[in-house]
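>>> how would this look folded up:
(one chain, ligands or ions: 1)
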Amino acid sequence: MPQPFVKLNIGSGLSGAPGWHNIDNSPTVLLSRLPFGRKLFKTPPWPRDVRHYDVTKGLPFPDQSVLYIYSSHTFEHFAWEASLAVARECFRVLQPAGILRICVPNLRIAVNDYLQSSDPLASHFFVRRLSLAHTFHDLVHPGANHSQMFDERSLLHLFREAGFPQPAVKSFLKSSIDDIAAIELPERKQESVYVEASR
Ligand SMILES: C[S@@+](CC[C@H](N)C(=O)[O-])C[C@H]1O[C@@H](n2cnc3c(N)ncnc32)[C@H](O)[C@@H]1O
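Reported below is the predicted structural model:
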């Protein structure tokens, strides 16, 4: 029987919300579920409702079956082509009035902070903040580091390229998703750009 209110949280990390399908591909999700896994591997305390899955393999939902898709600080972990493929998958699985909301670090904010800093090592802090260096972590955990950075323009462009006709820049908690406060993280507010669109 089809579920009318499927809500999907892509790259939930530890901050999934009840009632949402929380998806994350961190290998520590699996390790934490082995007997004594959390202690042996010192994994984070993954909630039981987080499903281990790599969304770059496609979204495991039928066409037009999902009401809301939320994603916080995850699309920058994909290279552009992969992020576009995932956004197109979001378009495919959303119901006709379904909503996609993506929140990512805003490159514009990082650049402004760098330009305004008087610290002699501001250039180093800026580069570190982008987190674009790839390490051995990427081998065991694809998406462990950032692969691109967005601003308002590039995030709007991603939505349009994926098929969403009228994406809009939003502010923190301003959303047509009715339980947005359950899933949007206050600690992401200052550094992020939010874009939302209905299908
Ligand atoms: C920076 S964390 C964001 C966690 C949380 N949404 C937040 O805003 O604090 C990015 C998350 O995306 C997950 N991730 C990266 N690539 C992924 C993929 N291909 N499929 C599913 N999850 C992925 C990572 O494992 C990580 O938990």
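
>>> which residue ranges form the strands in the protein?
Counting by DSSP state E, the chain has strands at residues 7-10, 21-24, 50-52, 66-72, 94-105, 168-170, 192-198.

>>> if we compare those strands, which one ends up closest to the ligand?
Closest to the ligand of these, according to C-beta to the nearest ligand atom: strand 66-72, at 3.4 Å. Any C-beta I mention is one placed from the backbone N, CA and C, and that applies to glycine too.

>>> ok, the closest one: who's next to it in the sheet?
Strand 66-72 sits in its sheet next to strand 7-10 (parallel), strand 94-105 (parallel), going by DSSP bridges.

>>> As JSON lines, the ones you listed with mean neighbour count and distance to residue 156 would be great.
As requested, the strands paired with strand 66-72 are exported to JSON lines (neighbours: other C-beta atoms under 10 Å; distance: least, C-beta to C-beta, whole Å):
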{"stretch": "strand 7-10", "mean neighbour count": "24", "distance to residue 156": "18"}
{"stretch": "strand 94-105", "mean neighbour count": "21", "distance to residue 156": "10"}
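
>>> could these go into CSV alongside mean pLDDT?
Output for those, formatted as CSV (pLDDT from 0 to 100):
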stretch, mean pLDDT
strand 7-10, 98
strand 94-105, 97
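
>>> hmm, the helix with the most length in the chain in reach of the ligand?
Longest helix in the chain, counting residues (DSSP state H): helix 80-93. No. Against the ligand, helix 80-93 shows no contacts by C-beta under 6 Å from any ligand atom, the least distance being 7.7 Å.

>>> how near is the residue of the chain positioned farthest from its centre to the ligand?
Within the chain, the residue lying farthest from the chain centre (C-alpha atoms, centre = their mean) is residue 120, at 32.6 Å. Noted for residue 120: a distance of 29 Å to the ligand, by C-beta to the nearest ligand atom, to the nearest Å.
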